[in-house]
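Student: this one's structure only:
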């Protein structure tokens, strides 16, 4: 069943010279770092400040990236994080990586995020307030 994807967060990240590899484009692993940075910023805005990383954390159970074209220095990567299916302790996240004003994505990614107790490192059900915030994200 296809779930509605909602735009939940946008992160703008300057491309660093050191992000590139010997081939003259941003290394494939850095695309995952860009998605990770967007995910961490999104999480820190979603969870109450008193809980973030103290009582509640996140882990990912899978991650993928579909490379469409190379990113090169200089520029700014815009990572659009969208949420999809919301479970009891997990949420499907999707990513679009764009550069500067270019409307075409350079890459797309996916990751399933699981909310965990920081004390036990075991999955924990998300609060109703967090679920409501996820459900209120703007449809993409």
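Tutor: Right, received. Where do you want to start? What you see is a predicted model, and the numbers here were worked out from it, not measured in a lab. Numbers count the residues shown, from 1 in each chain.

Student: neighbouring contacts of the helix or strand hosting residue 108?
Tutor: If you go by DSSP states H and E, residue 108 is part of strand 107-117. Applying C-beta atoms under 8 Å, 6 or more residues apart in numbering, the contact partners of strand 107-117 are 31-32, 35, 39, 43, 55-68, 71, 89-97, 122-126, 130. The way it works is simple: take the backbone N, C-alpha and C, and place the C-beta from them, glycine included.

Student: For the chain, just list every one of the helices.
Tutor: 28-46, 128-135 (DSSP state H).

Student: now what about the longest one, what contacts it?
Tutor: By C-beta under 8 Å, 6+ apart, the residues outside helix 28-46 that reach it are 8-11, 13, 19, 52, 58, 60, 63, 65, 67, 71, 77, 79-81, 93, 95, 97, 107, 109, 111, 113, 130, 133-134.

Student: Just the buried ones from these?
Tutor: Among the contacts of helix 28-46, those classed as buried by 16 or more other C-beta atoms under 10 Å are 8-9, 11, 13, 19, 52, 58, 60, 63, 65, 71, 77, 79-81, 93, 95, 97, 107, 109, 111, 113, 130, 133-134.

Student: Closest to the centroid, which residue in this protein?
Tutor: The residue lying closest to the centre of the chain (C-alpha atoms, centre = their mean) is residue 39, at 3.4 Å.

Student: And residue 65, how far from residue 31?
Tutor: 5 Å (C-beta to C-beta, to the nearest Å).

Student: hang on, the earlier thing: worst average pLDDT in the helices of the chain?
Tutor: Lowest mean pLDDT within the helices of the chain: helix 128-135, a mean of 88.

Student: Surely residue 8 and residue 137 touch.
Tutor: Yes - in this structure, residue 8 is within contact of residue 137 by C-beta atoms under 8 Å, at 4.2 Å.

Student: Give the residues shared as contacts by the two.
Tutor: Joint contacts of residue 8 and residue 137 (C-beta under 8 Å, 6+ apart) are 82, 83.
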